[in-house]
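*Asks:* fold the stuff below for me.
(one chain, ligands or ions: 2)
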Amino acid sequence: MPADGDLGEAAALLRTGGLVAFPTETVYGLGANALDARAAARIFEAKQRPSFDPLITHLADAADLEPLVGPVSPAVAALAARFWPGPLTLIVDRPEQIPPIVTSGLDSMAVRVPDQEHARRLIAAAGVPVAAPSANRFGQLSPTRAEHVVHGLGTAVDLVLDGGPSRCGIESTIVDARGERPVVLRLGALPVEELEKVTGPVTVRPGNSGQPVAPGTLAAHYAPRTPLRLVPGAELADAAGAGRGCLAFRDRPAGAWTAVEVLSAAGDLTEAAARLFDALHRLDAAGVVEIVAEPVPEMGVGRAVNDRLRRAAATWHPASGD
Ligand code: TXA
Ligand code: MG
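*Replies:* Ligands and ions are numbered 1, 2, ... in the order given. Model (predicted):
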């Protein structure tokens, strides 16, 4: 866990244009001062991220939103009041002070308040909004532990704060609630069912257009280096074999696998989400030639888990883009 001195050093680095990887409740973020175009540019460089993929700006407190962006719509205000701090990213109009590189030239900006003590203390101490994508190279598995960041980004980062494993383990849900009916741009750790309790029915539209508004919604994304194939749970045993790794939801699969990861023996979707990327990182390191994964139940945060699995599989089967 980071000591106060580490947080102070990290905050100072952020203020002076440095790159700091920090824990959030969803996944680890790669942070830079969102008011500093050069610092933001370093994020794109370190991640090898295409410049068309905008960043999420992180605030220490929900009360910091309107001073930065001005008045927001009633639906945005209601969602922020209900779910911040927490795994929800809201789309707002980009304010003047945020340089266009942060939003890839869009007039809109994605913003959230993480529910992680070290993250909020870091952002508060830095005294600036913090632009932070997930702290992995573009298209690869998201990091849910400090060691994933060190392994994936290495010396491209000035400092990595270790806050232990991420509680949710899957990225925030992204919602554009500026119009009539809210639109979910990326399924994530906050289930759609929870959102709808506040806003009424929403439209779910993660990356179904030719030009993705949220590249976390590109058909191929969140991918391990090992090819991943999705098969129904009932067919898992048939897919077993030496050199293969299995990602199962609840039951230990039959058959001779080289490596097996069970996401939640209790059948708990929240636990499964929390363990998803960690399990994929381990299977990727197990030296298997293929990862065979079963989908989890398509409800609650399970929808976001399946979304990640489909995108990981799509890397190797590009025809299946949605
Ligand atoms: O949980 C999370 O959201 C994590 C932690 C670190 O906060 N961050 C994260 O960032 O997942 P990233 O960069 O990996 O994904 C951000 C997504 C991208 O798909 C991006 O396209 C979308 O947010 N996004 C950013 N600004 C946007 C905007 N103005 N309109 C639509 N989508 C936007
Ligand atoms: Mg990401």
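
*Asks:* so, low pLDDT: which residues of the stretch 151-300 of the chain?
*Replies:* 207-221 (pLDDT under 70).

*Asks:* residue boundaries of the helices in it?
*Replies:* Remark: helices assigned in the stretch 151-300 of the chain by DSSP state H, counting those that start in this stretch are 192-199, 269-285.

*Asks:* show me the residues around the residue lying closest to residue 121 once chain neighbours are set aside that make contact.
*Replies:* In space, and not counting its chain neighbours, residue 121 is closest to residue 7: 5.7 Å by CB to CB, 6 or more residues apart in numbering. Every residue, glycine included, has its C-beta placed from N, CA and C. Contacts of residue 7 were listed using CB atoms under 8 Å, 6 or more residues apart in numbering, and they are 118, 121, 122, 125, 161.

*Asks:* circling back: now the helices of the stretch 151-300 of the chain in a markdown table, with mean neighbour count and distance to ligand 1?
*Replies:* Shown next, in a markdown table, are these (neighbours: other CB atoms under 10 Å; distance: least, CB to the nearest ligand atom, whole Å):
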| stretch | mean neighbour count | distance to ligand 1 |
| --- | --- | --- |
| helix 192-199 | 15 | 15 |
| helix 269-285 | 22 | 11 |
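
*Asks:* export the ones you listed to CSV and tack on distance to residue 77?
*Replies:* Shown next, in CSV, are the helices of the stretch 151-300 of the chain (distance: least, CB to CB, whole Å):
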stretch, distance to residue 77
helix 192-199, 11
helix 269-285, 27
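
*Asks:* contacting residues around stretch 176-184?
*Replies:* 73, 75-76, 79, 90-93, 108, 173-175, 185, 192, 195, 199-206.

*Asks:* quick one: distance of the longest strand along the chain to the chain centre.
*Replies:* Ranked by residue count under DSSP state E, the longest strand found in the chain is strand 241-248. The chain centroid and the centroid of strand 241-248 are separated by 26 Å, computed with CA atoms, centre = their mean, to the nearest Å.

*Asks:* one more: stretch 7-17?
*Replies:* 23 Å.

*Asks:* what of stretch 223-231?
*Replies:* Per CA atoms, centre = their mean, the centroid offset for stretch 223-231 relative to its chain is 18 Å.

*Asks:* check whether that stretch comes near ligand 1.
*Replies:* No. Stretch 223-231 is not in contact with ligand 1 by CB under 6 Å from any ligand atom; minimum separation 13.2 Å.

*Asks:* repeat that for stretch 63-76.
*Replies:* No. Stretch 63-76 stays clear of ligand 1 (CB under 6 Å from any ligand atom), getting no nearer than 11.9 Å.

*Asks:* mind listing what residue 196 touches?
*Replies:* Per CB under 8 Å, 6+ apart, neighbours of residue 196: residue 202.
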